[in-house]
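1. this is the structure alone, sequence omitted:
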């Protein structure tokens, strides 16, 4: 019989360790992360290699141009976020997780913390490598830029922050909806497509509001020069952080109340 | 020790568990019996804090499950539904659970060994047979060396060797002084392992008893008598007020009299006896009688389906 109860007890650090272990012991994590990095880098190289100074892209922001693939890579990371939460409901693993940690909320916070830091580090590294690689092709064009140019490093970091916080929104959707296809549908429909549809409405108030929607706010973060008709980087960051917080708060409330 | 106090669970209008009161004591195996759909799994999920009761409460080891600072060391549970990610290896699944409590790697290796999974520990669970999945669930239940073990239908999907292994495991866990609570819809299986029984039907408590008492209460013993002079013997036997005789096509079913008394009566009146057989109701029959009115889908009687 156990005499080690005092030694073996749940601590936040241990729940974090468990979630870290869970994240990296599934193939889907490696597949989505490598796909995301490959897409960002591949599209970046493609953009750099095919760019001509007299083409139609001269007015595109340098950072946006080189990190164009982060929209695709971001979808991969959003899917990973959904798998981290909704995947546990799909497989039944959640019953094991919540039997081990019956106070429940530490599991969600640990998932969010492990996922956010992992995705941010990966996105930032990928964005830096991609920017620098693409610039090898662009150094004699009108899109030549370096990390030390005004706004460039901030935009590269902003791109990674935007991708990360969007993926956190996806993770929250997965936790709230408890279904992988449901959450992917909600993310693509609600976060990516809906603002585009709303943007067609002829109301100024709608246009103003859309600037602060997650995808649009993330876009504003990743531009070296302020975009026309976009939120300022500070406001965009604040808006995106509020979206991410709300996306975690809703499933936290549900997790406390619903049966598993 | 597990205690349930007026535990109730409703889903909308449907009451799945109603006012369930029972105590499971340490040191013996307690069977949790009921037909399919009786509310066994729901009750176990409430004990583990996975489902919130609509009314009442339960404690395991003196407090609500979620109130334990190290629940895996208090209660180990095997749930009926698979509770694993099939893409992970058995070792990594157990290690993920162990990390939450700071349980060391050697304990994970120990429970893998105990359940005979060492050879497949690094294979993905996806390829496991039903029996291997059950063994993994039991390995997870034993991970924290818990004082209480709750197993939902542990023998499901096991081969005869596995069934025997579970029986011995349950008995040895109880012998070590642990509380062992095992659900099943098979009376015959429980008869071989359990000392105590909690029987439910349609979410209500039908019996909280021992295996021996359940049989005794199930109408007691009777004697089957076959004789060519059935009418005469029937008349003689029923002269005694406490003797009841049921007549079937070819035999008499006598309750309230011992076989020896019936034999003496017959001999005294020179009635030839072809057969004189004392009969004990089977546990299966006792269980069926008890749950007769509470089988949710009466077309698929228990036992027959399994």
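-> Structure's in. What do you need? Just so it is clear, the structure is predicted and the values come from calculations on it, not from any experiment. Residues are numbered from 1 along each chain as shown, chains lettered A, B, ... in the order given.

2. name the residues that touch the helix or strand encompassing residue A:215?
-> In this structure, residue A:215 sits in helix A:214-221 according to DSSP states H and E. Contacts with helix A:214-221, where a contact means C-beta atoms under 8 Å, 6 or more residues apart in numbering or on different chains, come from A:64, A:74, A:155, A:158-159, A:161-163, A:165-166, A:169, A:191-192, A:195, A:210-211, A:227, A:230-233, A:235-237, A:239-240, A:243. Using the backbone N, CA and C atoms, a C-beta is placed for each residue, glycine as well.

3. give the helix, strand or coil label for residue B:8.
-> Under DSSP: H, G, I helix; E, B strand; the rest coil, residue B:8 falls in the strand class.

4. ok, how many other residues are close to it?
-> As a burial measure, residue B:8 scores 17 neighbours (other C-beta atoms under 10 Å in any protein chain shown).

5. picking that back up, give me the buried entries from the contacts of helix A:214-221.
-> Buried members of the contacts of helix A:214-221, counted by 16 or more other C-beta atoms under 10 Å in any protein chain shown: A:64, A:74, A:155, A:158-159, A:161-163, A:165-166, A:169, A:191-192, A:195, A:210-211, A:227, A:230-231, A:233, A:236-237, A:239-240, A:243.

6. from these, which land in strands?
-> In strands, judged by DSSP state E, none of the buried ones among the contacts of helix A:214-221 are found.

7. work out for me the element the closest residue to residue B:118 other than its chain neighbours sits within.
-> Spatial nearest neighbour of residue B:118, excluding adjacent residues (C-beta to C-beta, 6 or more residues apart in numbering or on different chains): residue B:112 at 5.1 Å. Per DSSP H and E, residue B:112 falls inside helix B:105-114.

8. what does that helix contact?
-> Residues outside helix B:105-114 that contact it (C-beta under 8 Å, 6+ apart): B:90-91, B:94-95, B:98, B:118, B:121, B:139-140, B:142-143, B:145.

9. return the member of these nearest to residue B:180.
-> Distance to residue B:180, by C-beta to C-beta, is smallest for residue B:142 among these, at 11.5 Å.

10. residue contacts, that closest one?
-> B:76, B:111, B:114-115, B:149.

11. where does the prediction get shaky in the stretch 51-200 of chain B?
-> Under the criterion pLDDT under 70, no range of the stretch 51-200 of chain B is flagged.

12. residue ranges for the strands of chain B, please.
-> Ranges of strands in chain B, per DSSP E, are B:2-11, B:14-24, B:29-33, B:55-60, B:75-78, B:148-152, B:179-184, B:196-201, B:204-210, B:222-226, B:244-247, B:252-255, B:275-279.

13. helices or strands up against the last one?
-> It refers to strand B:275-279. Secondary-structure packing of strand B:275-279 (3 or more C-beta pairs under 8 Å, 6 or more residues apart in numbering or on different chains; DSSP states H and E): strand B:222-226, helix B:259-268.

14. ok, now which ones touch residue B:196?
-> Taking C-beta under 8 Å, 6+ apart as the test, what residue B:196 contacts is B:24-25, B:28-31, B:209-211.

15. what bridges to it?
-> As for beta bridges, residue B:196 partners with residue B:30, residue B:210 under DSSP bridges.

16. residue numbers of chain A in contact with chain B?
-> By the rule C-beta under 8 Å from any C-beta of the partner chain, the part of chain A lying against chain B is A:1-2, A:4-5, A:7-11, A:14-15, A:17-18, A:21-22, A:25-28, A:87-88, A:91-96, A:98-103, A:257, A:259-260.

17. filter the residues you listed to the buried ones?
-> For the residues of chain A next to chain B, a burial check counting by 16+ other C-beta under 10 Å picks out A:4-5, A:8-10, A:14-15, A:17-18, A:21-22, A:25-26, A:87-88, A:91-96, A:98-103, A:260.

18. out of these, which are inside helices?
-> Counted as lying in helices by DSSP state H, out of these, are A:14-15, A:17-18, A:21-22, A:87-88, A:91, A:93-96, A:98-100.

19. ok now the helix or strand hosting residue A:31, how far from the chain's centre?
-> Residue A:31 is part of helix A:27-50, with elements assigned from DSSP H and E. Offset of helix A:27-50 from its chain centre (C-alpha atoms, centre = their mean, to the nearest Å): 15 Å.

20. give me the mean pLDDT for it.
-> Mean per-residue pLDDT for helix A:27-50: 97.

21. just the buried positions in it, please.
-> For helix A:27-50, the neighbour count (16+ other C-beta under 10 Å) marks A:29, A:32-33, A:35-37, A:39-41, A:43-45, A:47-48 as buried.

22. can you name the residues that contact residue B:258?
-> For residue B:258, the contacting residues are B:223, B:278, by C-beta under 8 Å, 6+ apart.

23. what do you get if the cut-off is 10 Å, keeping everything else the same?
-> B:221, B:223, B:264, B:278 (C-beta atoms under 10 Å, 6 or more residues apart in numbering or on different chains).

24. wait, isn't the second one in contact with residue B:257?
-> Yes - taking C-beta atoms under 10 Å as the contact criterion, residue B:223 and residue B:257 are neighbours in contact, 6.7 Å apart.

25. residue A:82: which of the contacts of helix B:105-114 is nearest?
-> Nearest member of the contacts of helix B:105-114 to residue A:82, counting by C-beta to C-beta, is residue B:95, at 23.8 Å.

26. once you drop chain neighbours, what's closest to that closest one?
-> Once flanking residues are discounted, residue B:95 sits nearest to residue B:108: 5.5 Å by C-beta to C-beta, 6+ apart.

27. what's the distance between the one you found and residue B:133?
-> 17 Å (C-beta to C-beta, to the nearest Å).

28. repeat for residue A:217
-> From residue A:217 to residue B:133 the distance is 45 Å (C-beta to C-beta).

29. same question, residue B:120
-> To residue B:133, residue B:120 is 11 Å away according to C-beta to C-beta.

30. I'd say residue A:242 and residue A:168 touch.
-> No - here residue A:242 does not reach residue A:168: they are 11.6 Å apart, not a contact under C-beta under 10 Å.

31. who has more neighbours out of those two?
-> When neighbours are counted by other C-beta under 10 Å, residue A:242 and residue A:168 differ, and residue A:168 comes out ahead with 26 against 14.

32. tally up the residues packed near the closest residue to the more buried one other than its chain neighbours, please.
-> Nearest residue to residue A:168, sequence neighbours excluded (C-beta to C-beta, 6+ apart): residue A:244, at 4.3 Å. When neighbours are counted by other C-beta under 10 Å, residue A:244 registers 22.

33. who's in contact with residue A:244?
-> So residue A:244 contacts A:112, A:116, A:164-172, A:214 (C-beta under 10 Å, 6+ apart).

34. alright, that wraps it up for me.
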